[in-house]
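>>> Structure for this input, please:
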Amino acid sequence: MLRESPDSVGNEVLLRKPRAEDGVHVWDLVQSCSPPLDANSVYCNLLQCTHYSDTCVVAEKENTIIGWLSGYRLPADNQIIFIWQICIHERARRCGLGKKMIQNVLSRDHSIKKIQATITPNNKASWQLFRSFASQLSLPFSSEILFHHEHHFGRRGHESEFLVTIGPHLSESS
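Numbers count the residues shown, from 1 in each chain. Got it, this is the predicted structure:
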């Protein structure tokens, strides 16, 4: 069972906005999921947990962070939320937690019309998550290359990043 109230106890998962003290724990969780996730600095996670707390989610179970969603509104179009990372502890996977975290951040602001994220070709879990989320809400799903592995990343061995878009009209479906 998922709850969003601050008095969550037992085996329930609490979804909430992150706080500064979560930053290092978020970093630890992302490290445990790397690869395929790119690890950011602890400082970056601290900024996400404070400056971007309205568009980020932590999933907590028994006082342990088991899920993380970082996102931000696009500066050029604040009706689009860009999901930067979704990370779920291996013991909490395949339970729909990723979708619940997306839904949680969307429930905070009904002016969001689209979701965007970038996904590498080999990140099958992320492709499945975003396709399934769009399908569940009967929303359009599209993808196109955003950052090409040679042109944008040079010879650093990074895969191409595909921009996926869910929507428009997200707020009417969520």
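
>>> lowest-pLDDT helix or strand in the chain?
None of the helices or strands of the chain scores lower by mean pLDDT, DSSP states H and E than strand 2-3, at a mean of 39.

>>> Count the residues that sit near the closest residue in space to residue 126 that isn't next to it in sequence.
If you skip the residues right next to it in sequence, residue 126 has residue 119 as its closest partner in space, 4.6 Å away by C-beta to C-beta, 6 or more residues apart in numbering. Placement of C-beta: from N, CA and C, glycine included. Residues lying near residue 119 (other C-beta atoms under 10 Å) number 22.

>>> Check which helices and strands the longest helix that the chain contains is in contact with.
What stands out as the longest helix in the chain, according to DSSP state H, is helix 124-136. Contact partners of helix 124-136 among helices and strands, from 3 or more C-beta pairs under 8 Å, 6 or more residues apart in numbering; DSSP states H and E: helix 97-107, strand 114-119, strand 141-147, strand 161-166.

>>> In a markdown table: these, plus distance to residue 75 and mean pLDDT.
As requested, the helices and strands packed on helix 124-136 are arranged in a markdown table below (distance: least, C-beta to C-beta, whole Å; pLDDT from 0 to 100):
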| stretch | distance to residue 75 | mean pLDDT |
| --- | --- | --- |
| helix 97-107 | 18 | 96 |
| strand 114-119 | 13 | 97 |
| strand 141-147 | 16 | 94 |
| strand 161-166 | 16 | 96 |
